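> the following block contains a protein sequence and its predicted model.
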Amino acid sequence: MNKKKWEIKDLSPSETLTGTSKKILSIRLNDLVSSIKLYFENETEENLHNARIAVRRLRYSMELFVECFDRKKFLSFYNRVQNIQDLTGEVRDLDVLKQNISTLSAEGKVKVSSFSFGKIDEKRQKMNENLKLELMKFIHSKRLKDFSKIIS
């Protein structure tokens, strides 16, 4: 059977919940950091989408395992992850909006001025600059280092 992209290998039914949670969160965190670095190397819509998927997988995995760790430290990092998810979502939403408007326009269902596209691009650029700043802070944050220690 082929492994699904969301599956995690090397988990054992006999391992403790905390041990399993550390493995899962470590993999999810490494995936997120890798996808953020890839986005910095090449700021495509696809790389942003992949970073958004990675942050969602980490966040939702974290929600499952909050009771396995010191709550205060865990939630401090969780809040940063949630913020990153919100920011990636805002930029990604503009990409999807522009794609949808372009499709409707191409089908002749809606007339859209270049001014409207320009406004979307302008807003996306501003939001993307903010996102990149927050991603850079996240990658180099003490919270990330502390969380990595907790799950290692």
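Ah, there it is. Numbers count the residues shown, from 1 in each chain.

> what helices or strands is the host helix or strand of residue 57 leaning on?
Assigned by DSSP states H and E, residue 57 belongs to helix 45-65. Judged by 3 or more C-beta pairs under 8 Å, 6 or more residues apart in numbering; DSSP states H and E, helix 45-65 is in contact with helix 17-41, helix 71-106. C-betas here are computed from N, CA, C, even on glycine.

> which helices and strands sit right next to the longest one?
Applying 3+ C-beta pairs under 8 Å, 6+ apart, one finds that helix 71-106 makes contact with helix 45-65, helix 114-139, helix 142-151.

> pLDDT of the helix holding residue 57, averaged?
Per-region confidence: helix 45-65 scores 96 on mean pLDDT.

> what sits up against that helix?
Here helix 45-65 makes contact (C-beta atoms under 8 Å, 6 or more residues apart in numbering) with 6, 17, 21, 24-25, 28-29, 31-32, 34-36, 38-39, 41, 74, 77-78, 81-82, 84-85, 88-89, 91-92, 95, 135.

> from what I see, residue 123 and residue 94 are in contact.
Yes - with contact defined as C-beta atoms under 8 Å, residue 123 counts as touching residue 94 (6.3 Å).
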